[in-house]
Each structure stands twice: as structure tokens, then as C-alpha cells.
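*Asks:* Show me the folded form of this:
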Amino acid sequence: MTPAAALRVALPARSASLHELLERFTAFAKQARLPAAIRREIHLALDEIVSNIINHGGDGRRERRFEVDVALEAGVVRVTVVDDGRPFDPLSAPKPAIDAPLADRPIGGLGVYLVRELMDRIEYTRRNGRNHLRMERRLPDSKVSISHENTKTRKRKPKEKQ
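*Replies:* Numbering: from 1, shown residues only. Coordinates of the predicted model:
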């Protein structure tokens with residue numbers, strides 16, 4: 001299936017690249033007329049994931065790169081982030097103790113937790129020395145059926161109606 005709209009960005013893993021990525025995503029999302037709330041959620045997820053790649057993915061010996069593909073199709077926004085940094089599976093990260101007193105909480109882990117809560121589906125694989133993270137966010141009023149066979153996923157819990 002050809003995406004209705006797509007964005008592809010490949011950049012060096014540097015702080016300035018994060019700003020460029022987020023600007024390009026925002027322009028794409030506005031042009032694609034994504035709802036503002038979903039645009040903000042995906043923006044936050046990209047910010048968190050790519051910040052982790054930039055700040056924690058390297059060994060300091062070589063310049064690393066990342067690629068981001070965003071595709072809008074069949075009522076779903078699919079975001080794929082690929083990087084050549086150290087292996088890191090955000091699905092295996094422990095859930096932070098968000099109910100613990102602030103002074104008792106370890107530093108870190110909230111960004112990955114937020115991404116896992118915001119996205120409807122997340123898959124991680126390590127292939128050919130690269131991290132592949134695929135995230136999906138359904139659009140409102142979307143009744144999309146997605147197969148979950150042979151993938152390591154985390155599905156978003158449906159929001160309760162009030």
C-alpha cells in the first residue's frame with residue numbers, strides 16, 4: 001500500500017539534528033492535517049526517542065546517524081526510527097515508579113514510559129547492527145485492524161469514556 005503522505009529524514013545523531021527533525025515533522029503533520037493532539041503526541045515521542053539516540057546511543061568513537069520515516073495511511077500514523085547506536089530495546093525498559101515519592105525515584109526512564117503510553121503500538125528489533133523502532137498511532141474514528149503475529153509489541157490501552 002502506498003502511503004497517503006510520507007516524510008523521510010536521515011541525519012547525523014547531533015542535537016541540531018533533533019531540532020531539524022522536529023521542524024520537518026511539524027510541517028509535514030500540519031500539511032497532512034493531523035489533529036493537533038496526535039501531532040503533539042508524535043512530536044513528543046520523536047523528541048524522546050531521538051534524544052535518547054543522540055545522548056545515550058554512542059560510544060564516542062564515530063559519528064552516528066538516525067533515520068525517521070513517518071507514513072500516514074489507512075487511519076494510522078506509522079513512525080519508524082532506525083539508528084546505528086548501541087542496542088536499546090525501549091520495550092524492555094522497566095516501568096518507572098511513578099507512584100513513588102519524587103525523592104525516591106531514580107533519574108531517567110520517564111521519556112520511554114511516556115512514549116509507551118502515547119503510542120497505540122510499538123515494536124523493536126535489532127537487525128544488521130541497527131536499532132529499528134516502529135510506533136503506530138491510530139487516528140480518531142479509525143477502526144484499523146493490525147496483525148500482532150511474530151512481533152514484540154506494546155499495545156496502548158483504550159481510553160475509558162467518561
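
*Asks:* can we go C-alpha only for contacts and neighbour counts from here?
*Replies:* Will do.

*Asks:* Counting by contacts, list what the longest helix belonging to the chain packs against.
*Replies:* In the chain, assigned by DSSP state H, the helix with the most residues is helix 36-56. In this structure, helix 36-56 packs against helix 15-31, helix 110-118, with contacts taken as 3 or more CA pairs under 8 Å, 6 or more residues apart in numbering; DSSP states H and E.

*Asks:* what angle do that helix and helix 15-31 make?
*Replies:* Counting by axes from the mean of the first three to the mean of the last three CA atoms, to 10 degrees, helix 36-56 lies at 160 degrees to helix 15-31.

*Asks:* Tabulate the CA atom coordinates of the helix or strand that helix 36-56 is followed by in CSV.
*Replies:* Proceeding C-terminally, helix 36-56 gives way to strand 65-73 as the next helix or strand, assigned by DSSP states H and E. Extracted in CSV, the C-alpha atoms of strand 65-73 (Å, rounded to 0.1, in the frame of the first residue of the first chain):
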residue,chain,number,x,y,z
ARG,A,65,23.2,8.5,12.2
PHE,A,66,19.5,8.1,12.5
GLU,A,67,16.6,7.8,10.1
VAL,A,68,13.0,8.6,10.6
ASP,A,69,10.1,7.6,8.3
VAL,A,70,6.6,8.8,9.0
ALA,A,71,3.8,7.5,6.9
LEU,A,72,0.1,8.3,7.1
GLU,A,73,-2.1,5.5,5.7
